[in-house]
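Trainee: please find the sequence and the predicted model below.
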Amino acid sequence: MIDLNVVGAKGALVEEAEGKWGMVIDQDICTGCQACVTACAMENNIAFVGEEDAGYGRSMHWIRVERFWEGTYPHVKMTHYQPMLCQQCGQAPCEPVCPAFATVHSQAEQVNLQVYNRCVGTRYCANNCPYQVRSFNWRDYNDERINSAIATLKNQYNPDVTVRRRGVMEKCTFCIQRIHKAQDKAKSEGREVADGEFTTACAQACPADAITFGRVDDPESLVSQLARQGHGVKHLEELGTLPRVTYLVGGA
Amino acid sequence: MTEQKSLLAVFSDLEPAADAIEQLRTLGVGDDCMNVISGVPVTEAMLGRPNQWTNVPRLALGGSLIGLLTGIFLAFLSPNMYQIQVGGQGFVPGPPSVVVIFEMTMLGMLLSTFLGVFLDSTFPNYRPMHYVPEVSDGKIAILIECVHVEEKKLTDALEKLGAESVQEAEAQHL
Amino acid sequence: MTDKHHNAEQHLREQHLMLDPLPRGQMNDMVMESMHTTSWKFWVVFGILSVIVAVGLFYSWGRLILEGVGIAGVNRPSYWGIFLVNTVFWIGISHAGTFISAILRVFKAEFRRPFTRAAELMTTFGLVQAGFSIFMHMGRVWVSYWLMPYPNQRGLWPNFHSPLSWDLLAITTYLLSSTMYLFLPLIPDMAMARDKSTGWRKTFYKILALGFRGTEGEWTHLRNAMNIFAFAIIPVMFSVHTIVSWDFAAATRPGWNSTIFGPYFVVGALHSGMGAVIMVLAVVRATMKNMKYFIRPEHFEAIGKLMLIISMTWAYFFFNDYMVQWYGGDKWTKQLLHWHEAGPLGWMWFAMLIFNVAIPWATLWNKKWRSNPWIVFVVGLLINVGMWFERYIIIPISLTINRAPFTWRMYEPGIEIPLGIGTLAFFILLYMAASRLVPLVPVWEVQEGQMAHSLKKFGRETVVTVSELE
């Protein structure tokens, strides 16, 4: 047997590959209704980029519902919907390539952090993300002078989340503001955060309950139990990214 | 005691200039009292002059050492001053350290080589100096300083050896 | 002496600058005259380029900073576009100067002498454009100083895990050292220009000549320093483009993740760089007074031969990369290769091969053709277009194909186009200005070479000999 700790930092990290927070997405029951996309945008103050930029591949949603077809038109068959979001990799390819330490690994929460005010906008992280789930603030979408639509939408900003300015990268945070809120509350009451006590905006909004969020390092949590099912898949696992999102597809 | 005078003898060719230097030595003008001014690099060996001392290689070595230390600081110490974990790699990146150390060493070496030329040649220097602009056109000038040999004797000897002109050197703004 | 022998000698002199010496004073005057003689056409071109620089570069860049990268064409998945294509392109151009003045100096290739400075100026001005392009690319250029390693209040040093941080160190090192290497051999020529000028030019050259007289000590320090530079700048040059290639090769992407990218990029840089040098020399020879004496068909012939060798080396590395990627059979790489050749910009892929390989090979093998300034000018131009295509294929076209097919989308350049034209115009503008202010031919190096060359008879044949003076 090879002792993983002898192999060095990477080997040692494999042991904590499970991470802390994780998600399970059941593609078999996802209806592609986009409620998660909307809820995420509301929760995280995601900019509305307008029709033209959205059509040009600049929409900034942190979660998107990918859809795929089989066959050629007109004999096409829809396959599963695939909600895609930051996989909160244990060994994220986006992290080491940032020259400014603007995207880093949180050792406390075992998620991948984006530090907006440290970002200089080289966009290297987005190129190096195999899941292509990072979004860039191409313009000041939150400035009324540039985006008139934002004038009224401003009233629904979530005060717990920063409004990003142009030139910085952003991505899904696993609703870290909710994680912190729940942890603070539990701490003040002198207890641990209970499984299912809170969830992310996307999971909360999903009418089919296709998204489950929770502690993956707790074998009894719902998310761990779901992830243990035989038909769980982690995307592009072969790249060694240690993704924290499990997709259930082709189950009974 | 009179003020020390300097002479500037201008030659158009290498051969007579080399002869003149030999002659001057027999007349009692030491090598440290002579200097050659030329528009192309004329090596010391061509004129039978002692090798010039230069600090440039030593300064380059010193500069590369400083660069090396800077590189080591950046590669090994700076990541530990504020530890941030990225991509599952160690705080100190392994192979990339080589890149950082290499670049800083080379930068240190080349900067100090450049500065070495400035230090050794006392550049920039806009004070008046002994000079003849014909040097730019390919002439070779011998500058004789600290003359205690009789001036006339020297002038005659130099002219006999083919000097185009021998004049009292006056410091002038270049 | 027979007539035949005399003719052979005459012929060699006409061919080779090194065998055709003129008095130093005359060469000085020729070089000074070439700087002073400026026709109205020069000022017309200068004026047009100034307008292009003002609008294409500075106005557009101002807009880019005020409005954001949104007015460029970058999107998901092509987060990098023409700005980085141009960065790589200009760094490539800059490699020619170092190649000629350092590698050819180290190997004592005598034909380099009259145009080392013309090539080194390209290095410095090319790096200026590369720097501009990389800063245009950044989302928040006003905080780019955060990438510099210095003790700061934020308590944070740059991330040396990132290839971009290595890039910053390497390009800074290269820019500083190539500028110093340009300046060192310029000092004696500045002193020459000082002695031959009056008025404001006198003051200008006096300041830059630093008080150089040409004493034994000054020459010794200079020679030592130039020797150190010639050797030390070669690995720096290799490291710069290798690190640029690692920006791509270190990424987790199909098509980019290739171990051969380092040498492949270095050779690609030399390919476009040599093409650019030959273009500059053809223009300098045709438009500047007295340059037909200094820059002769022999020089185009020699550079043409280098271009041919570099073109073959490029093809070798290209095929190496292509072969292994193709054989590997990874499904994303397969998609990418198909996209390169059969995608909507497949014509670019084929044009790249024609311009970088087919045309150089078809023309440069012929000594007569590669001695013709205008033929090699056209070949050099095509190589530069081909190399630009190569970088365009590697960056925005390859970025289109990733492991998330849902995001695949074409990249359409926006404000990158005027900005790219602006950097090109600024490069030419800087070069034109330098040609009025800086002696383009290192006269002292030419004279040194002419002193070392002579003719010698072997039996009935007259041949060239070179003595080693150092």
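Mentor: Sure thing, it's come through.
Trainee: show me what residue of the stretch 101-250 of chain A gets nearest to chain B.
Mentor: Closest contact between the stretch 101-250 of chain A and chain B, by C-beta to the nearest C-beta, is at A:H105 (4.4 Å). Placement of C-beta: from N, CA and C, glycine included.
Trainee: what pairs with that residue across the strands?
Mentor: Per DSSP bridges, the residues bridged to A:H105 are A:N112.
Trainee: that one against A:P96, yeah?
Mentor: No. Contact criterion C-beta atoms under 8 Å: A:H105 and A:P96 do not qualify, at 9.7 Å.
Trainee: quick revisit: number of residues surrounding the residue of the stretch 101-250 of chain A closest to chain B?
Mentor: 23 (other C-beta atoms under 10 Å in any protein chain shown).
Trainee: list the contacts for it?
Mentor: Applying C-beta atoms under 8 Å, 6 or more residues apart in numbering or on different chains, one finds that A:H105 lies in contact with A:90, A:92, A:95, A:112-113, B:84-88.
Trainee: could I get those as CSV with neighbour count and pLDDT?
Mentor: Formatted as CSV, these follow (neighbours: other C-beta atoms under 10 Å in any protein chain shown; pLDDT from 0 to 100):
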residue, neighbour count, pLDDT
A:G90, 22, 92
A:A92, 27, 94
A:E95, 27, 95
A:N112, 28, 94
A:L113, 17, 94
B:I84, 17, 91
B:Q85, 17, 90
B:V86, 24, 92
B:G87, 24, 89
B:G88, 23, 86
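Trainee: what's the nearest residue to the residue of the stretch 101-250 of chain A found nearest chain C if we skip its chain neighbours?
Mentor: Closest residue of the stretch 101-250 of chain A to chain C, C-beta to the nearest C-beta: A:G121 (1.8 Å). Distances taken as C-beta to C-beta, 6 or more residues apart in numbering or on different chains place C:G139 nearest to A:G121, at 1.8 Å, with adjacent residues excluded.
Trainee: that neighbour sits in which helix or strand?
Mentor: Assessed by DSSP states H and E, C:G139 sits outside every helix and strand.
Trainee: do C:K292 as well
Mentor: helix C:291-294.
Trainee: hang on, isn't the residue nearest to A:G121 packed against A:C119?
Mentor: Yes. Using C-beta under 8 Å, C:G139 is in contact with A:C119, at 7.2 Å.
Trainee: wait, does the longest helix seen in chain B make contact with chain C?
Mentor: Longest helix in chain B, counting residues (DSSP state H): helix B:95-120. Yes. Counting by C-beta under 8 Å from any C-beta of the partner chain, chain C has neighbours in helix B:95-120: B:96-97, B:99-100, B:102-104, B:106-107, B:109-111, B:113-114, B:116-118, B:120.
Trainee: what's the helix holding C:K292 in contact with?
Mentor: Counting by C-beta under 8 Å, 6+ apart, residues outside helix C:291-294 touching it are C:17, C:20, C:22, C:30-31, C:34, C:114-115, C:284-285, C:440-441, C:446.
Trainee: where does the chain have low pLDDT?
Mentor: In the absence of a named chain, chain A is used. A:1-17, A:252 (pLDDT under 70).
Trainee: ah, I was thinking of chain C
Mentor: C:1-5, C:470.
Trainee: ok, the residue of it found nearest chain A - contacts?
Mentor: In chain C, the residue that lies nearest chain A is C:G139 (1.8 Å; C-beta to the nearest C-beta). C:G139 is in contact with A:119-123, A:136-137, A:166-169, C:68-69, counting by C-beta under 8 Å, 6+ apart.
Trainee: mind checking which of these are in strands?
Mentor: A:136, A:169 (DSSP state E).
Trainee: from the contacts of C:G139, which is closest to C:W332?
Mentor: Nearest to C:W332, judged by C-beta to C-beta, of the contacts of C:G139 is A:R123 at 20.4 Å.
Trainee: near the closest one, how many other residues are there?
Mentor: Number of residues near A:R123 (other C-beta under 10 Å) recorded here: 25.
Trainee: that one contacts C:Y79, doesn't it?
Mentor: Yes. Under the criterion of C-beta under 8 Å, A:R123 makes contact with C:Y79 at 4.0 Å.
Trainee: list residues touching both of those two?
Mentor: By C-beta under 8 Å, 6+ apart, the residues touching both A:R123 and C:Y79 are A:F136.
Trainee: residue ranges of the strands in the stretch 51-200 of chain A, please?
Mentor: Per DSSP state E, counting those that start in this stretch, the stretch 51-200 of chain A carries strands over the ranges A:63-70, A:77-85, A:103-105, A:112-114, A:135-136, A:169-170.
Trainee: show me what from chain B comes close to chain A.
Mentor: So chain B meets chain A at B:84-90, B:93 (C-beta under 8 Å from any C-beta).
Trainee: which one is whichever residue of chain C sits closest to chain B nearest to, not counting chain neighbours?
Mentor: Closest approach between chain C and chain B, counting by C-beta to the nearest C-beta: C:R24, at 3.0 Å. Nearest residue to C:R24 in three dimensions, chain neighbours excluded: B:G138, at 3.0 Å (C-beta to C-beta, 6+ apart).
Trainee: so who does that neighbour touch?
Mentor: Applying C-beta under 8 Å, 6+ apart to B:G138 gives the contacts B:12, B:39-40, C:23-25, C:447.
Trainee: so which residues of chain A form helices?
Mentor: With helices called from DSSP H, chain A shows them at A:4-7, A:9-15, A:35-43, A:50-55, A:124-127, A:150-153, A:176-188, A:201-205, A:222-227.
Trainee: list the buried residues of the helix holding C:K292.
Mentor: Within helix C:291-294, the residues that count as buried by 16 or more other C-beta atoms under 10 Å in any protein chain shown are C:291, C:293-294.
Trainee: how close does A:H61 sit to A:P83?
Mentor: Distance, A:H61 to A:P83, by C-beta to C-beta, to the nearest Å: 10 Å.
Trainee: kindly report the same for C:A209.
Mentor: Per C-beta to C-beta, C:A209 is found 69 Å from A:P83.
Trainee: same question, C:M27
Mentor: 74 Å.
Trainee: pretty sure A:L242 is in contact with A:G90, am I right?
Mentor: Yes. At 3.1 Å, A:L242 and A:G90 qualify as touching, with contact defined as C-beta under 8 Å.
Trainee: hmm, C:E416 is touching C:G73, no?
Mentor: Yes. At 6.0 Å, C:E416 counts as touching C:G73 under the criterion of C-beta under 8 Å.
Trainee: overlap of the contact sets of those two?
Mentor: Residues touching both C:E416 and C:G73 (C-beta under 8 Å, 6+ apart) are C:81-82.
Trainee: who has more neighbours out of those two?
Mentor: More crowded of C:E416 and C:G73, by other C-beta under 10 Å: C:E416, with 26 against 20.
Trainee: not counting its neighbours along the chain, what's nearest that one?
Mentor: Closest to C:E416 by C-beta to C-beta, 6+ apart is C:I82, at 3.6 Å.
Trainee: count of residues packed around the one you found?
Mentor: C:I82 has 28 nearby residues by other C-beta under 10 Å.
Trainee: now do the one 4 residues further on
Mentor: Taking other C-beta under 10 Å as the neighbour definition, C:N86 ends up with a count of 26.
Trainee: which helix or strand contains it?
Mentor: Here C:N86 is assigned to helix C:82-98, by DSSP H and E.
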